[in-house]
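Peer 1: Fold the following for me, if possible:
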Amino acid sequence: MTGSTDDGEKLQVWCSGEDWCPVTTTALLVGKKWHPVVIHRLLNEGPSGFSDLESSVDGISSKVLSDVLDDLESKRLIDREIVSEKPVRTEYSLTEHGESLESVIDAMHEWGDQHLTEAEDPSASLA
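Peer 2: Residues are numbered from 1 along each chain as shown. Here you go, the predicted model:
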């Protein structure tokens, strides 16, 4: 995989197919249902607390949001910082890797605006 950062700054990944590896690996990082939504919110709203994210990501449960944040943190796309002890307040922000996904998230948004419309029948919906 090639890129503009040093190898020490890149996320490590093992791939067997050079042609498709960058696409599938990126899809694995942001392709889960709520991952791009959380990244999008952090790109637009900046660092946010758990409650702020939960209220701005319509339809996500606390458990799922917690799992998404843990997964994104383990993939070095977000940072978690405790900003106060009493009461405990945690803030989430994008890392450089997370911020570098802005053009990907923007392209997904633009494509959706151009090619998707609301389904009249919920059972016909893609999501």
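
Peer 1: which regions of this structure lie under the pLDDT threshold?
Peer 2: Residues of the chain that meet the criterion pLDDT under 70 lie in 1-8, 16-17, 127.

Peer 1: can you map out the strands along it?
Peer 2: Ranges of strands within the chain are 48-49, 78-84, 89-94, based on DSSP state E.

Peer 1: do you know which of those lies nearest Asp58?
Peer 2: strand 48-49 (14.6 Å; Cβ to Cβ). C-beta here means a position set from N, CA and C on the backbone, and glycine is covered the same way.

Peer 1: Any chance you could list what contacts that closest one?
Peer 2: 41-42, 56, 89-93 (Cβ atoms under 8 Å, 6 or more residues apart in numbering).

Peer 1: Check stretch 26-36 too.
Peer 2: By Cβ under 8 Å, 6+ apart, stretch 26-36 touches 11, 39, 57, 60, 64-65, 68, 71-72, 75, 77, 101, 104-105, 108.

Peer 1: ok, 6 Å please
Peer 2: Stretch 26-36 has contacts (Cβ atoms under 6 Å, 6 or more residues apart in numbering) with 60, 68, 75, 105.

Peer 1: measure that stretch end to end?
Peer 2: 11 Å (Cα to Cα, to the nearest Å).

Peer 1: Same question for stretch 113-122.
Peer 2: Stretch 113-122 has an end-to-end distance of 19 Å (criterion: Cα to Cα).
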